[in-house]
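A.B. asks: Below: sequence and its predicted model.
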Amino acid sequence: MMDKRFRYGEKLSAQTFEWDEQIDLLKDKAGNATAGEKFDYWLAGSILQHKRNRAAEMICALAMSRKTHWEKLKPEAEKSRRDRRNFLRAFAME
């Protein structure tokens with residue numbers, strides 16, 4: 001039976017794949033955009049990539065944490081998820 005830590009790690013991992021798709025979508029939009037829009041899409045993609053990389057770091061930390069300490073990482077991961085969602089809403093991608 002999977003423990004909560006493992007299930008939560010899987011959830012974060014799945015989200016990083018979603019973020020990869022959203023980053024690719026921003027790149028595609030930049031390809032068909034005006035010069036000013038290209039910069040906006042590039043900036044949005046860079047910010048989202050940074051957030052995605054931070055989530056990947058949290059997944060590694062979660063995997064290496066002791067069973068009793070993993071829940072200390074959860075609030076930061078949830079904040080990252082909310083920040084990403086709010087960021088994407090600003091770009092009307094979610």
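C.D. replies: Alright, I've got the coordinates.

A.B. asks: Going by neighbour count, list what's buried in the helix-or-strand element of the chain with minimal mean pLDDT.
C.D. replies: When the helices and strands of the chain are scored by mean pLDDT, DSSP states H and E, helix 74-90 comes last with a mean of 77. By neighbour count, and taking 16 or more other C-beta atoms under 10 Å as the criterion, the buried residues in helix 74-90 are 77, 80-81, 84, 87-88. To be clear about C-beta, it is placed using only N, CA and C from the backbone, and glycine gets the same treatment.

A.B. asks: Need the pLDDT of the residue nearest the centre of the chain.
C.D. replies: Centroid-nearest residue in the chain: Arg52, 3.6 Å away (criterion: C-alpha atoms, centre = their mean). As predicted, Arg52 sits at a pLDDT of 84.

A.B. asks: Identify the spatial nearest neighbour of it, chain neighbours not counted.
C.D. replies: Trp19 (4.1 Å; C-beta to C-beta, 6 or more residues apart in numbering).

A.B. asks: Number of residues surrounding Ala35?
C.D. replies: 6 (other C-beta atoms under 10 Å).

A.B. asks: Could you tell me the model confidence score at it?
C.D. replies: 86.

A.B. asks: separation between it and Ile47?
C.D. replies: 19 Å (C-beta to C-beta, to the nearest Å).

A.B. asks: List the contacts of the residue nearest to the centre of the chain.
C.D. replies: 16, 19-20, 23 (C-beta atoms under 8 Å, 6 or more residues apart in numbering).

A.B. asks: Pull out the buried members of these.
C.D. replies: Buried among the contacts of Arg52 by 16+ other C-beta under 10 Å: 19, 23.

A.B. asks: name the element Ser13 belongs to?
C.D. replies: helix 4-31 (DSSP states H and E).
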